[in-house]
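J.: here is my input; please provide its structure:
(chains A, B, C and D)
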Number of protein chains: 2
Amino acid sequence: MKTPATEDDRVWRALSDGRRREMLDRLADTPMTTGAIVEAFAPLCRTGVMKHLEVLVAAELVVVRWQGRVRWNHFNPVPIDRISRRWIDGRRRKMSSALRRLKDVVELSLDPDETVEPIKPVKPERMK
Amino acid sequence: MKTPATEDDRVWRALSDGRRREMLDRLADTPMTTGAIVEAFAPLCRTGVMKHLEVLVAAELVVVRWQGRVRWNHFNPVPIDRISRRWIDGRRRKMSSALRRLKDVVELSLDPDETVEPIKPVKPERMK
DNA sequence: ACAATATGTCACAATATAGTGACATGAAGA
DNA sequence: TCTTCATGTCACTATATTGTGACATATTGT
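T.: The predicted model follows:
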């Protein structure tokens, strides 16, 4: 990504990592201190956990709250709701027509001139 | 990601890049040849475009169909629908209760012992 | 046969990301 | 005060991702 990174970009990026999705999943059940998260994600080291949390906080998927020396990490569902609306719900129509097109195309693939498997060009091993 | 990468992982990864999301957005309107995509995404070079397409194909978000020497790239909405169901719809309940918890916590933050802003520990500039 | 076209592959550089260990600091408790 | 605890920051390595140019190959049209 060379553009400045929008809010949505940060959310998608944050969600692209399975560990972070798992962290969110746990935090959606209940807020946790950083230490508790570290235990839950062993053998990943504490610094590693904190880096993931940093990404989640930057995306506003996690909200931090302090209680003395303890840091509580809270899941914030708003950003996910936002990208879900913008990207999923806002495209339902497009998607269903795309699906229809795709089905047509795949079914037509018995036509000798057209293939779904790219067995046509160059040496078969190269043009996979 | 050190684990083998599941189907869902590949989808999330693919969606984490804004360019790829934009490609999908266009392909959702209409299938395109690789050349047409390259034109649309100038000044990104052809090899760059193909790498993005490769990621999208690996995630099954794009289905390829050959017609002579021309490669048609079709958007496949199924994987997005899948992660949407598993991750968004399947967590609605969790999310709304998390939101309630979060609101409570944020409102309570007038309590002198508890803060949302991490202004407590260490030197203020360091413990951001 | 030949040239132009559309695509695939390779080798490489630049940058981003994930992860670790060492060290530092404020809070809480004895 | 002194010790432990929870956390933050820095320096560094390893790996992944992104991007480019050069070259190769099949298809199409002349």
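
J.: buried sites along the single longest helix found in chain A?
T.: The longest helix of chain A (DSSP state H) is helix A:92-107. Within helix A:92-107, the residues scored as buried using 16 or more other CB atoms under 10 Å in any protein chain shown are A:Lys94, A:Met95, A:Ala98, A:Leu99, A:Leu102, A:Val105. Every residue, glycine included, has its C-beta placed from N, CA and C.

J.: for whichever residue of chain A sits closest to DNA strand D, give its distance to A:Lys51.
T.: Taking CB to the nearest atom of the strand as the measure, chain A has A:Gly35 as its residue closest to DNA strand D, at 2.8 Å. Distance of A:Gly35 to A:Lys51, computed by CB to CB, to the nearest Å: 16 Å.

J.: now the end-to-end length of stretch A:79-94.
T.: Using CA to CA, to the nearest Å, one end of stretch A:79-94 lies 23 Å from the other.

J.: I misspoke; the intended subject was stretch A:40-48.
T.: 13 Å.

J.: now that stretch, how far from the centre of its chain.
T.: 21 Å (CA atoms, centre = their mean, to the nearest Å).

J.: and that stretch, anywhere near chain B?
T.: No. No part of stretch A:40-48 sits close enough to chain B to count as contact by CB under 8 Å from any CB of the partner chain; the gap is at least 9.9 Å.

J.: quickly check: that stretch near DNA strand D or not.
T.: Yes. Using CB under 7 Å from any atom of the strand, stretch A:40-48 reaches DNA strand D at A:Arg46, A:Thr47.

J.: would you confirm that A:Leu15 contacts B:Val11?
T.: No. Using CB atoms under 8 Å, A:Leu15 is not in contact with B:Val11; the gap is 10.4 Å.

J.: thanks again, I'm all set now.
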